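**Q** model this:
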Amino acid sequence: MRRENAEPRRSPHRLRAFVPGLGHLALGHTGRGVRLMLFSVATIFLVVWRWDRFIDAFSTPFLDRWLASIFLILMLAGVIWYSLRDVGRIQQSAGEERRGKSPWAVAMRRFRENRLAVYSIYIIILFYALAILAPILTPYDPAAIPDVMANRYLPPSGDHLFGTDEFGRDLFSRALYGARVSLSIGLLAMIIAKTIGTLYGSVAAYFGGTVDNVLMRIVDVWIAFPTFYLMLMLVGVFEANIVVLVLILGLTAWPGTARFIRGEILSLKNQAFTESARAIGLPAHLIIVRHLIPSALSPVLVTAALAVAGMIGAEAGLSYLGLGIRPPTPSWGNMVAAGKDNLLNAWWVAFFPGGLLTLTLISFSLLADGLRDALDPKALMQKYV
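**A** Residues are numbered from 1 along each chain as shown. As a prediction, this is how the structure comes out:
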């Protein structure tokens, strides 16, 4: 006789998820399973391929090599954890009608429907991962100058994937180390600009009156001064390095965010949830940080993606003009500048760093477009209701 309350057998799919992708393939999620398998296989191949550097990194005093090896371990552990978690979520929600999704869940689904935006974020993640793993991936020292006459202006080949420059330095190694400089400057400068602008604009809008007038007049004066010339002046005063460029770019780009977030907070501060927070005696700084800023965060995310592209482009422009990162430290801007005088005979010197820079800027622009469409309030309300 069949037991009506028999305990169901444990599904094997969760165990398969320890091999990333197998659990998803068994559940019919082919695309996600293939991507997870390819990612895990590529990570394992990279560890095996660069095993000597992977192991040696833990015995060297260089922090960047140690971090690169740790990052590889975290990548593999992260994809296994994600597979386990995602397979469990899929099994739990299988056959259930999911109602009442949050706006953020709806936005994520809308974002995944935009293929260009999804591919762009894959490219961005890939470039940041390559930049972090540069000490393990690069076959040569990016600053080492070998026999110049024998190695200068070598075209792309198996030994030198991107060719060599006028000093015989390997351009593939310099491009990956240059990605570390350009991408980190863009990301850190964006974080500084958005953080200052968001807090500044929120305070001005919430308190209003004299505080708002004084703070926004400061913003008007700041915006009236040409940003490019301000950056040139600051770069000329201070010695250009990564820290200085991050501070200059971040501290000159916040006023636009401040004006934008002020308009958002003005429309939110008199709504019911804000009045309720005031009524229970919540202090102003908690109302701003916990309620107003999260409610106005969606458009900030869109502008943040564009801001990273703008910061990377600004750094590349300054380095191209010789006012930013200076050789021998590589950045995409000074690498393009190094190849501009020999475009016909050694096109690869400027082509590869310029191509990486262009692809990065396009990817961030497509990401911003995808975020704008996914976080559109009207579309969210239609899906949510």
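**Q** buried stuff in the top helix by length along the chain?
**A** Ranked by number of residues, the top helix in the chain under DSSP state H is helix 171-207. By neighbour count on 16 or more other CB atoms under 10 Å, the buried set for helix 171-207 is 171-194, 196-206. Quick note: C-beta positions are derived from backbone N, CA and C, even for glycine.
**Q** what's the answer for stretch 148-164, then?
**A** Going by neighbour count (16+ other CB under 10 Å), the buried part of stretch 148-164 is 151, 152, 153, 154, 160, 162, 163, 164.
**Q** quick check, nearest of those residues to residue 360?
**A** The closest of the buried residues of stretch 148-164 to residue 360 turns out to be residue 162 (CB to CB; 15.8 Å).
**Q** may I have the secondary structure class of the closest one?
**A** With DSSP: H, G, I helix; E, B strand; the rest coil as the basis, residue 162 sits in coil.
**Q** tell me the pLDDT of the closest residue to it other than its chain neighbours.
**A** Using CB to CB, 6 or more residues apart in numbering and skipping the chain neighbours, the partner closest in space to residue 162 is residue 171 (3.7 Å). The per-residue pLDDT reported for residue 171 equals 93.
**Q** from residue 291, how far out is residue 171?
**A** Counting by CB to CB, to the nearest Å, the separation of residue 171 from residue 291 is 50 Å.
**Q** over to residue 158?
**A** Distance of residue 158 to residue 291, computed by CB to CB: 58 Å.
**Q** if we can go back for a sec, show me what the longest helix of the chain is packed up against.
**A** Secondary-structure packing of helix 171-207 (3 or more CB pairs under 8 Å, 6 or more residues apart in numbering; DSSP states H and E): helix 115-132, helix 134-137, helix 209-224, helix 242-252, helix 254-268, helix 297-320, helix 332-339, helix 348-374.
**Q** to residue 52, which of those helices lies closest?
**A** Set against residue 52 and scored by CB to CB, those come closest in helix 134-137, at 9.9 Å.
**Q** mind giving me the packing neighbours of that closest one?
**A** helix 51-56, helix 63-93, helix 171-207.
**Q** for the helix or strand hosting residue 25, packing partners?
**A** In this structure, residue 25 is located in helix 22-26 according to DSSP states H and E. Counting contacts by 3+ CB pairs under 8 Å, 6+ apart, helix 22-26 packs against helix 13-16, helix 30-49, helix 63-93.
**Q** buried residues of it, list them for me.
**A** Under 16+ other CB under 10 Å, the buried positions of helix 22-26 are 22, 23, 24, 25.
**Q** what average pLDDT does it get?
**A** Mean pLDDT, helix 22-26: 80.
**Q** could you measure from residue 88 over to residue 25?
**A** 16 Å.
**Q** correction: residue 126
**A** 23 Å.
**Q** what of residue 191?
**A** The value you get for residue 191 to residue 25, if CB to CB is used, is 38 Å.
**Q** centre of the chain versus the longest helix of the chain, how much separation?
**A** Distance, stretch centre to chain centre, for helix 171-207: 10 Å (CA atoms, centre = their mean, to the nearest Å).
**Q** for stretch 318-329, list the C-alpha coordinates in CSV.
**A** Only the C-alpha atoms of stretch 318-329 are listed here, as CSV (Å, rounded to 0.1, in the frame of the first residue of the first chain):
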residue,chain,number,x,y,z
LEU,A,318,44.6,63.5,-20.2
SER,A,319,47.1,60.7,-20.6
TYR,A,320,47.0,61.1,-24.4
LEU,A,321,47.9,64.8,-23.9
GLY,A,322,50.7,63.8,-21.6
LEU,A,323,49.0,65.3,-18.5
GLY,A,324,47.7,62.1,-17.0
ILE,A,325,49.5,58.8,-16.3
ARG,A,326,53.0,59.0,-17.7
PRO,A,327,55.2,56.2,-19.1
PRO,A,328,56.6,53.8,-18.2
THR,A,329,53.3,53.2,-16.2
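**Q** contacts for that stretch, please.
**A** 142-143, 181, 231-232, 235-236, 240-242, 245, 315-317, 331-334, 336-338 (CB atoms under 8 Å, 6 or more residues apart in numbering).
**Q** repeat for stretch 58-66
**A** Counting by CB under 8 Å, 6+ apart, 53, 56, 57, 69, 134, 135, 136 sit against stretch 58-66.
**Q** swap the cut-off to 10 Å and go again
**A** Here stretch 58-66 makes contact (CB atoms under 10 Å, 6 or more residues apart in numbering) with 53-54, 56-57, 68-70, 132, 134-136, 177, 180.
**Q** quick check: residue 310 touching residue 249?
**A** Yes. Assessed by CB atoms under 10 Å, residue 310 is found in contact with residue 249 at 8.7 Å.
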